[in-house]
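Novice: this one's structure only:
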């Protein structure tokens with residue numbers, strides 16, 4: 001009887017030891033953590049122009065598609081700005097046309113002054129010869145010289161007026177700097193007017209909606225969030241002792257706490273370059289006499305390959321999950 005008890009005890013110890021060994025081997029080949037959370041891209045929705053909200057077209061937790069209207073801002077002032085910019089553009093074009101007309105007139109004046117100067121110079125030359133021969137008096141020579149000098153002054157003045165007209169006219173048509181500046185102001189005013197209608201940049205769910213019709217909003221001031229329904233992933237924090245067997249591309253099983261019995265599949269994408277504590281706001285300082293070694297955890301990103309079959313089982317950002325990585329492929333390659 002005593003021998004039987006001893007045999008049973010040894011068998012129980014051996015069975016427990018074998019069970020522990022099998023469990024340890026499974027945990028080594030299939031590292032797991034419940035320090036894992038569901039993530040998605042969360043966009044902050046903010047208006048690009050300020051004003052009073054005239055309409056809110058969405059509700060909290062509602063699903064929207066890319067391009068759907070979220071809210072609108074009263075556009076009366078923005079429309080007035082567009083009209084003012086259009087008037088400035090029309091005025092700039094009119095001024096450019098008038099400047100070009102003045103330029104043509106100034107150019108004609110230069111041609112006329114050049115012809116008058118040439119004629120006065122020729123007349124002075126003839127009078128100078130006649131004066132040398134004694135055929136005309138000194139007064140005639142002086143009169144011809146004065147006429148020539150006056151023609152030269154008129155020509156110089158016409159050239160100066162032409163240069164001023166060219167500077168004022170600038171480039172012709174829409175290449176004129178003043179016209180380009182007015183066009184840019186009009187374009188900016190039209191862009192701001194378009195921004196009075198705020199639409200969804202991507203499809204997803206509305207979250208933290210805190211805006212009502214009549215509220216005054218400022219440019220670039222966050223109003224609510226949009227949880228994108230495209231890419232989903234898991235940010236899992238594994239113990240540093242598990243990292244030895246983790247490799248990108250390994251398959252992962254994902255259990256979501258809010259949906260018991262639902263298991264999704266995923267793929268290990270990347271391993272973090274540093275422990276989570278390193279990037280915290282206040283990193284721990286271990287230079288103390290009471291230091292205790294703590295196993296560090298490193299972030300691992302896992303892409304979700306499948307979605308729940310039931311459309312009512314919506315994925316939600318921040319949900320707690322448990323992930324298990326299958327690292328058996330490492331042993332197979334060996």
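Specialist: Here it is on my side, so go on. Computed from a predicted structure; not experimentally measured.
Novice: from now on I want contacts and neighbour counts done on CA atoms only, so please keep to that.
Specialist: Fine.
Novice: so what are the domain limits for the chain?
Specialist: As given by automatic domain parsing, the domain ranges for the chain are 31-40+230-333, 47-74+196-221, 77-192.
Novice: chain center to the top strand by length along the chain: distance?
Specialist: What stands out as the longest strand in the chain, according to DSSP state E, is strand 224-239. On the basis of CA atoms, centre = their mean, to the nearest Å, strand 224-239 sits 21 Å off its chain's mean C-alpha point.
Novice: name the helices or strands packed onto that strand?
Specialist: Packing partners of strand 224-239 (3 or more CA pairs under 8 Å, 6 or more residues apart in numbering; DSSP states H and E): strand 32-45, strand 204-207, strand 297-304.
Novice: and of those strands, who's closest to residue 59?
Specialist: Taking CA to CA, strand 204-207 is the member of these nearest to residue 59, at 7.1 Å.
Novice: give the next helix or strand downstream of the closest one.
Specialist: Downstream of strand 204-207, the next assigned helix or strand under DSSP states H and E is strand 216-217.
Novice: just to revisit the earlier point, for the helices and strands packed on strand 224-239, give me TSV that also has mean neighbour count and distance to residue 83.
Specialist: Below are the helices and strands packed on strand 224-239 laid out as TSV (neighbours: other CA atoms under 10 Å; distance: least, CA to CA, whole Å):
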stretch	mean neighbour count	distance to residue 83
strand 32-45	18	28
strand 204-207	21	35
strand 297-304	22	51
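Novice: turn those strands into CSV, columns for distance to residue 184 and mean pLDDT.
Specialist: Listed next are these as CSV, based on distance: least, CA to CA, whole Å; pLDDT from 0 to 100:
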stretch, distance to residue 184, mean pLDDT
strand 32-45, 27, 93
strand 204-207, 35, 94
strand 297-304, 45, 92
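Novice: could those go into TSV alongside distance to residue 265?
Specialist: Output for these, formatted as TSV (distance: least, CA to CA, whole Å):
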stretch	distance to residue 265
strand 32-45	13
strand 204-207	22
strand 297-304	6
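Novice: right, and the ones you listed - which one's nearest residue 255?
Specialist: strand 32-45 (9.1 Å).
Novice: any chance you could list what contacts that closest one?
Specialist: Residues from elsewhere that reach strand 32-45, judged by CA atoms under 8 Å, 6 or more residues apart in numbering: 222-238, 315-325.
Novice: give me the buried subset of those.
Specialist: Neighbour-count burial (16 or more other CA atoms under 10 Å) is assigned, among the contacts of strand 32-45, to 223-229, 232-238, 315-317, 320-325.
Novice: looking at the domains of the chain, which is closest to residue 13?
Specialist: When the domains of the chain are compared by CA to CA, domain 31-40+230-333 sits nearest residue 13, at 25.9 Å.
Novice: for the closest one, the distance to its chain's centre please.
Specialist: For domain 31-40+230-333, the distance to the chain centre is 30 Å (CA atoms, centre = their mean).
Novice: residue 237 is in contact with residue 297, correct?
Specialist: Yes. Counting by CA atoms under 8 Å, residue 297 does reach residue 237; the two are 5.5 Å apart.
Novice: does anything pack onto the host helix or strand of residue 184? Which helices or strands?
Specialist: In this assignment (DSSP H and E), residue 184 forms part of helix 177-194. With contacts defined as 3+ CA pairs under 8 Å, 6+ apart, the packing partners of helix 177-194 are helix 76-133.
Novice: helices or strands up against the helix it packs on?
Specialist: helix 138-169, helix 177-194.
Novice: now those in JSON lines, with mean neighbour count, distance to residue 44 and mean pLDDT?
Specialist: Below are these laid out as JSON lines (neighbours: other CA atoms under 10 Å; distance: least, CA to CA, whole Å; pLDDT from 0 to 100):
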{"stretch": "helix 138-169", "mean neighbour count": "17", "distance to residue 44": "48", "mean pLDDT": "70"}
{"stretch": "helix 177-194", "mean neighbour count": "18", "distance to residue 44": "19", "mean pLDDT": "89"}
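Novice: so can I have JSON lines of the ones you listed showing distance to residue 254?
Specialist: Converted to JSON lines, the helices and strands packed on helix 76-133 look like this (distance: least, CA to CA, whole Å):
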{"stretch": "helix 138-169", "distance to residue 254": "71"}
{"stretch": "helix 177-194", "distance to residue 254": "44"}
